[in-house]
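**Q** predicted model and sequence below, questions to follow.
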Amino acid sequence: MNISVFGLGYVGSVCAACLADEGHFVVGIDRDGGKLAKIRSGKAPVSEPGLDEMIEKVTSSGHLSTCKDAHEAVLRADLSVICVGTPSRSTGAVDLRQVLTVMREIGEALKEKIQAHVVVLRSTVPPGTSSRCLQILREIAPHSKLSFFYQPEFLREGRSIAEFRHPSLTVVGSVARSSYEPVAFLWEQRGGKVCLTDIETAELVKYACNAFHATKIAFANEFGRISKAFGVNGEEVMDIICQDDRLNISRTYLRPGFAFGGSCLPKDLRAVIAEASILGVDSSLLEGVIKSNSTHLAASLKAVLAGMSKSTRERPSVLMVGIAFKPGTNDLRESPSVALAEKLLSRSVDLTIYDAWVKPEQLIGKNKSFAEYELPELRSCWFRSWVQLWNKHTLS
């Protein structure tokens, strides 16, 4: 099948590479020329285990290519997958401009296309967005033989390739629960549970999942603090709770640790809260999750400062191992470690940062702009190897 993938970030690049690796002919479209250049050179535009090797393989075989012309890409494709970003506005509500722009571009191309075309939206969007997209497509190309589906992604950074190939859950929404046959290849032979539903339900499921994951992290962290105050091991408390796999669901995220961050959980929590506010629905718990996460970050800072106060040095130094929002990725967006680093630097702390996955000079796109805005001192604090760290602390 010929497939066009719009948006080559963490979701789109993995989606494009995996589909190409399965034998499809995929063309990737993105407004960021740096991402396109990376793929053309056989490199991944994002840091993800195994993705570099896969992209090198599928670009060499000719199964993955890039294109700046959305019109041409749609005319050449049987199916278009939309993975563009849906960032937060200042109010917390989701910014749909990229999604709607792509829909208009696809619509213009469909005016010239005789063959049937399938559109699969994977970007995280609030209920009603797909209907709006479908309306745009039908207004621009009313005679197009179009099928539209919404398939939320559940890919965790650091494990995206494995989870694309073997998902634990696949959710697909279609208009009025009509035929899902045009996209059945997306889940057949991959295992896991498959839920076929209407589009609005599929849209909200994505937010529900991320809101639940964020809630679990905040819950475990809050109980970790409470447990510590009682002199109880919070890890053991959570471990015992997780042994009830009938009522307490699973171990994933239910571990006291650091604050949550990244490009999904904070953004999607804000979006759910904003959408609920528009509908006049109280969302105190979710608002409390964000507050609890901030409280947990403040508690982490307090613990670091308390440790520094015990030092006999005139200017205590702090080594931060890991700056991305979680191990195995170079994604700095809304990373709590970045926030912690900012607060330490504002107190003139001698801060050293090391992260095996993050290379400041290789950051691109929104990841790069976030780092430059939130942590402009990143390069000056950066150490590339444990040898450098050893030399710094043994020679100083």
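**A** Perfect, thanks for sending it.

**Q** C-alpha from now on. contacts and neighbour counts both.
**A** Will do.

**Q** which secondary structure state does W357 sit in?
**A** Under DSSP: H, G, I helix; E, B strand; the rest coil, W357 falls in the coil class.

**Q** give me the number of residues near the closest residue to it other than its chain neighbours?
**A** Nearest residue to W357, sequence neighbours excluded (C-alpha to C-alpha, 6 or more residues apart in numbering): N330, at 5.4 Å. A total of 25 residues lie near N330 under the criterion other C-alpha atoms under 10 Å.

**Q** I'd say N330 and V46 touch.
**A** Yes. Using C-alpha atoms under 8 Å, N330 is in contact with V46, at 7.4 Å.

**Q** how close does the spatially closest residue to D355 that is not a sequence neighbour get to K113?
**A** Counting by C-alpha to C-alpha, 6+ apart, D355 lies nearest to G322, which is 4.5 Å off, once chain neighbours are set aside. For G322, the distance to K113 (C-alpha to C-alpha, to the nearest Å) stands at 49 Å.

**Q** cool, and E139?
**A** 15 Å.

**Q** out of those two, which sits in the more crowded spot?
**A** Neighbour count, other C-alpha under 10 Å: between E139 and K113, K113 has more, with 17 against 12.

**Q** name the element the more buried one belongs to?
**A** Using DSSP states H and E, K113 sits within no helix or strand.

**Q** next one: the one 5 residues further on
**A** Following DSSP H and E, the helix or strand that holds V118 is strand 117-121.

**Q** can I get that strand as PDB, trimmed to CA atoms?
**A** Extracted in PDB, the C-alpha atoms of strand 117-121 (Å, rounded to 0.1, in the frame of the first residue of the first chain):
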ATOM      1  CA  HIS A 117      -8.700   7.600  -0.300                       C
ATOM      2  CA  VAL A 118      -8.500   6.700   3.400                       C
ATOM      3  CA  VAL A 119      -7.600   9.300   6.100                       C
ATOM      4  CA  VAL A 120      -6.500   8.100   9.600                       C
ATOM      5  CA  LEU A 121      -6.100  10.700  12.200                       C
END
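
**Q** for K113, which residues are in contact?
**A** L75, S144 (C-alpha atoms under 8 Å, 6 or more residues apart in numbering).

**Q** okay, it: pLDDT?
**A** Here, the pLDDT recorded for K113 equals 92.

**Q** what about it, distance to P182?
**A** 18 Å.

**Q** P336 too?
**A** Between P336 and P182 the distance is 41 Å, computed by C-alpha to C-alpha.

**Q** T329 too?
**A** Distance from T329 to P182, by C-alpha to C-alpha: 33 Å.
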